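A.B. asks: what's the 3D shape of this:
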Amino acid sequence: MLYRIVIIAILSAPAFAKPCEQLASLHIPDVTISAAKVVAAGPWILPNASPNDSTNVPAFCRVVANIWPEVRFELWLPEHWNGKFLAVGNGGLAGSINYGDMLEPLRRGYAVASTDTGHQGNGDDGSWALGHMQRAVDFAYRGIHIITEAAKAITADYYGAKIAHSYFQGCSQGGRQALILAQRFPNDYDGIIAGSPANNWTRHYVGGHLWIALAMEGPGYLPPAKIHLIGEAVKEQCDELDGVKDGLLSDPRRCHFDPSFLECKASDAPNCLTTAQVAALQKIYAGLKDDKGNQLYPGLVPGGEEGFGGWIWWVAGETPGKSGHAGLGIPFLKYVAFEDANWDYHTFRFTRSDGLDNDVQFTDQKLGALYNAIDPDLRAFRDRGGKLIQYHGWSDPDITPLSSVNYYESVIDFMGHGKGNCLKRTQDFYRLFMVPGMEHCGGGEGTDHFQMLDELEVWVEKGKAPDRITASHQTDGKVDRTRPLCPYPEEARWTKAGSTDDAANFQCVAADVRQ
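C.D. replies: Numbering: from 1, shown residues only. You can find the predicted model right below:
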């Protein structure tokens, strides 16, 4: 019995770790560790939180470090380590360490890291890049890669053990970072989660942010009060196309919504749209096209207009020029693409003029190789055993969900190489889950609560791919609807028996909606 007790005690003991403070003297080329201190278990105030806002944490060793020249990162090393490493991505234009997303992995026993990607500042201010090409490069791709190498080295040194598995997860900007890692640094991570990725970066900033911001200027501006009108009209036309009247569109591509029927018959009124507003709305849905009608970047899809994180903030803004699209898109183009603090975004040339290339081409050629994560060749990541889960909300008012669909289908086509069975070849290591009704990275009427990290761990560590992921919608912290998320191009379809708020009454069925 004593022998058994000793064995149990050994197996349940914390992983070996050297004194935290000793990490301050660890030598890694180009890495400066400015602080290494133990944080005791219990209430702790995050570095970016208010003095009265604490959160409970397990005991961990907090490492604060910098990689030449300006890439800051933090690494949190829990006392009770699960043997794994995880890094979290950023949002917007980065500029700060993502402390909030580090908490849950820490509680799960991960050694967890995050970076500011080489600059400090507000997520919607690009002035940090003006005259600093290295910052632009670090933000584009270098920062997230070099902190991975450094954080892994520190983790292995601290615990005196090899890392069993490494993971990365991020949404929006973090989703782009995720795909950058899979495409350019396939050996960095065993498993990657890419949420709502801004992977077609240059086209998104031109054909998403700027295109929509310009559409919302002048007489075409849609005041917040009219967003509800549009959202209700979409539901009236398209809600039941998937067989369930629930306020969600299972696949908005089936919804061929034409807003022209909302046009005012006389003067402007709260229950109709002016001619200019109809035209602006059509531009947003249609997306950016060249003068020959070729799609350069897809528009938003019907169904994401309403909701706290919907069009009122992203598309309309409280007043013209104050939307999320304007606030994110214009600073980046001003300071990074055109490198001119006085640049007027109204001068952007969407078409050729005077024999010169348009500014869409200019932006692609200048920044595409740095920022875009659209390479469909994921063979290196696949061949080293990597697994990739991508998800995107169908009601995303920021990054069009069609961007994720288009990239995934480009990978399917590439991986097939004309040999057939291309979908299976892709789904063996890479799966996309579209979330009806979910807005940007969460929110909305859809089932936006799910555990992708759990699914990824099982896939990487046990070889079981996610065929169906149960997700929930919550109101005031209580679950009021569950639905399955299905690997694209499958979708959840009601069995016509039982509650439509219960995932058990839905099946994942083949739905070939490729266009």
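A.B. asks: Just confirm Q474 is within a strand.
C.D. replies: Yes. Residue state for Q474 (DSSP: H, G, I helix; E, B strand; the rest coil) corresponds to a strand.
A.B. asks: per-residue pLDDT, the nearest residue to it once chain neighbours are set aside?
C.D. replies: Among residues not flanking Q474 along the chain, H449 sits closest, at 5.8 Å (C-beta to C-beta, 6 or more residues apart in numbering). (Each C-beta comes from the backbone N, C-alpha and C, glycine too.) Turning to H449, the model gives it a pLDDT of 97.
A.B. asks: residue boundaries of the helices in the stretch 201-350 of the chain?
C.D. replies: Remark: helices assigned in the stretch 201-350 of the chain by DSSP state H, counting those that start in this stretch are 201-203, 211-215, 224-238, 275-286, 311, 324-332.
A.B. asks: Any buried residues in the fourth one, and which?
C.D. replies: Judged by neighbour count (16 or more other C-beta atoms under 10 Å), helix 275-286 contains these buried residues: 277-285.
A.B. asks: which strands and helices sit next to that helix?
C.D. replies: The helices and strands touching helix 275-286, judged by 3 or more C-beta pairs under 8 Å, 6 or more residues apart in numbering; DSSP states H and E, are helix 211-215.
A.B. asks: What average pLDDT does the helix it packs on get?
C.D. replies: In the prediction, helix 211-215 has an average pLDDT of 97.
A.B. asks: Likewise for stretch 30-41?
C.D. replies: Per-region confidence: stretch 30-41 scores 97 on mean pLDDT.
A.B. asks: what's the distance between it and the middle of its chain?
C.D. replies: 29 Å (C-alpha atoms, centre = their mean, to the nearest Å).
A.B. asks: List the buried residues in it.
C.D. replies: 31, 33, 36, 39.
A.B. asks: what does that stretch rub up against?
C.D. replies: Stretch 30-41 has contacts (C-beta atoms under 8 Å, 6 or more residues apart in numbering) with 20-26, 57-68, 76, 79, 146, 150, 154.
A.B. asks: quick one: which of the residues you listed sit in helices?
C.D. replies: Here DSSP state H is the test, and the contacts of stretch 30-41 give 146, 150, 154 as lying in helices.
A.B. asks: Out of those residues, which is nearest to T426?
C.D. replies: Distance to T426, by C-beta to C-beta, is smallest for I146 among these, at 29.4 Å.
A.B. asks: mind checking how far that closest one is from C441?
C.D. replies: Counting by C-beta to C-beta, to the nearest Å, the gap from I146 to C441 is 25 Å.
A.B. asks: And R142, by the same measure?
C.D. replies: From R142 to C441 the distance is 24 Å (C-beta to C-beta).
A.B. asks: Could you do L296 as well?
C.D. replies: From L296 to C441 the distance is 24 Å (C-beta to C-beta).
A.B. asks: and W44, how many neighbours does it have?
C.D. replies: Applying other C-beta atoms under 10 Å, we find 17 residues neighbouring W44.
A.B. asks: tell me the SS of it?
C.D. replies: Taking three-state DSSP, the label given to W44 is strand.
A.B. asks: what do you get for K37?
C.D. replies: Using three-state DSSP, the structure places K37 in strand.
A.B. asks: So it versus E232, what's the distance?
C.D. replies: Counting by C-beta to C-beta, the separation of K37 from E232 is 54 Å.
A.B. asks: And L485, by the same measure?
C.D. replies: L485 sits 26 Å away from E232, going by C-beta to C-beta.
A.B. asks: For M102, see how far away the spatially closest residue to Y110 that is not a sequence neighbour is.
C.D. replies: Nearest residue to Y110, sequence neighbours excluded (C-beta to C-beta, 6+ apart): L86, at 4.4 Å. Using C-beta to C-beta, one gets 9 Å for the distance from L86 to M102.
A.B. asks: Buried residues, stretch 441-461. List them.
C.D. replies: By 16+ other C-beta under 10 Å, the buried positions in stretch 441-461 come out as 441-448, 450, 452-453, 455-457, 459-460.
A.B. asks: now, the most widely separated pair of these?
C.D. replies: Among the buried residues of stretch 441-461, E445 and V460 lie farthest apart (C-beta to C-beta), at 31.8 Å.
A.B. asks: which ones are touching M438?
C.D. replies: Neighbouring residues of M438 by C-beta under 8 Å, 6+ apart: 393-396, 444, 446-448.
A.B. asks: can you name the two of these that are farthest apart?
C.D. replies: Farthest pair in the contacts of M438, by C-beta to C-beta: D396 and T447, 14.5 Å.
A.B. asks: Please look at T202 and L370 and confirm they touch.
C.D. replies: No. Between T202 and L370 there is no contact under C-beta atoms under 8 Å: 9.0 Å.
A.B. asks: who has more neighbours, these two?
C.D. replies: T202 (25 against 16).
A.B. asks: And the pLDDT at that one?
C.D. replies: We have a pLDDT of 98 for T202.
A.B. asks: now do G231
C.D. replies: Looking at G231, its pLDDT reads 96.
A.B. asks: residues contacting T400?
C.D. replies: 208, 287, 297-301.
A.B. asks: from those residues, which single one is nearest Y408?
C.D. replies: Using C-beta to C-beta, P298 is the member of the contacts of T400 that sits closest to Y408, with 13.4 Å.
A.B. asks: Let me know the secondary structure of the residue lying closest to the closest one once chain neighbours are set aside.
C.D. replies: In space, and not counting its chain neighbours, P298 is closest to L402: 3.8 Å by C-beta to C-beta, 6+ apart. When classified by three-state DSSP, L402 comes out as helix.
A.B. asks: Next up, the contacts around L402.
C.D. replies: L402 touches 253, 287, 298-299, 301, counting by C-beta under 8 Å, 6+ apart.
A.B. asks: Just the ones of the contacts of stretch 30-41 in strands?
C.D. replies: If you go by DSSP state E, the contacts of stretch 30-41 have 57, 60-67, 76 in strands.
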